[in-house]
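In: Here's a sequence, model it:
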Amino acid sequence: MSRLAVIGAGGHAKVVIATLRAAGAEVDAVLDDDDRKWEAELLGVPVRGPVAVLGGGRWGRAILAIGDNRIRRRLAAELGALEGLEWARAVHPSAVVHASVELAPGTVVFAGAVVQPDVRIGGHAIVNTGATVDHDCRVGDFVHVAPGSHLAGSVVVGEGALLGIGSAFMPGVRIGAWATVAAGGVVVGDVEAGATVKGVPAR
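Out: This is a model prediction of the structure:
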């Protein structure tokens, strides 16, 4: 199996590394453009330099471990053309992911998450700790389903949306691209693209 690099050296990267290790993967390096982090370690994994060194062909697999949805999208576009690079997935063994679920490259599913039958999750999306995604949901690229968020069946989430900690979604609602649902928001109707909603019910 080719060597694996984690891109990003923040707190989110710690959870990605822990998830990869729990799943039996060996992480060779962390890469980050913040030179203050170079030569440090993250959970014992060395930070070996900026993201640009990924282009040298040393690592055949990588995963974006950055919480900001827009930065993940930018880096995916910039690095996606590198020859021989494969985007890894990370699924914690304590997560429950039905065999029918489609996880696009770059997806991470953290400890305690539940993803039910016939769900599709896009590239470089995050299903965070203890989140649940019920049957037939469609979760777009670069979405972040934050810890403890709960999507009922057939919810559709557009690209780059942020579903805040502890948010909840009624069956069949549609969340537009790059929308934000604040922590604890309860979504009972559709949310327009780019909108920010909060409260119970979320407005």
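In: what's G160 in contact with, if anything?
Out: Residues in contact with G160, defined by Cβ atoms under 8 Å, 6 or more residues apart in numbering, are N69, R70, R73, G140, D141, F142, V143, A177, W178. Where you see a C-beta, it was placed from the backbone N, CA and C, and this is true even at glycine.
In: Repeat that for L75.
Out: Neighbours of L75 in contact, by Cβ under 8 Å, 6+ apart: I7, V51, L64, I66.
In: wait, the last one sits on A76?
Out: Pointing back at I66 there. No. Proximity of I66 to A76 does not meet the contact threshold set by Cβ atoms under 8 Å, at 10.1 Å.
In: Give me the more crowded residue out of those two.
Out: I66 (23 against 18; other Cβ atoms under 10 Å).
In: if we can go back for a sec, weed out the non-buried ones from the contacts of G160.
Out: Buried by 16 or more other Cβ atoms under 10 Å: N69, R73, G140, D141, F142, V143, A177, W178, out of those.
In: Turn those into CSV, columns for distance to W59, pLDDT and secondary structure.
Out: Shown next, in CSV, are the buried ones among the contacts of G160 (distance: Cβ to Cβ, whole Å; pLDDT from 0 to 100; DSSP: H, G, I helix; E, B strand; the rest coil):
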residue, distance to W59, pLDDT, secondary structure
N69, 23, 98, helix
R73, 21, 97, helix
G140, 27, 98, coil
D141, 22, 98, coil
F142, 22, 98, coil
V143, 25, 98, coil
A177, 31, 98, coil
W178, 30, 98, coil
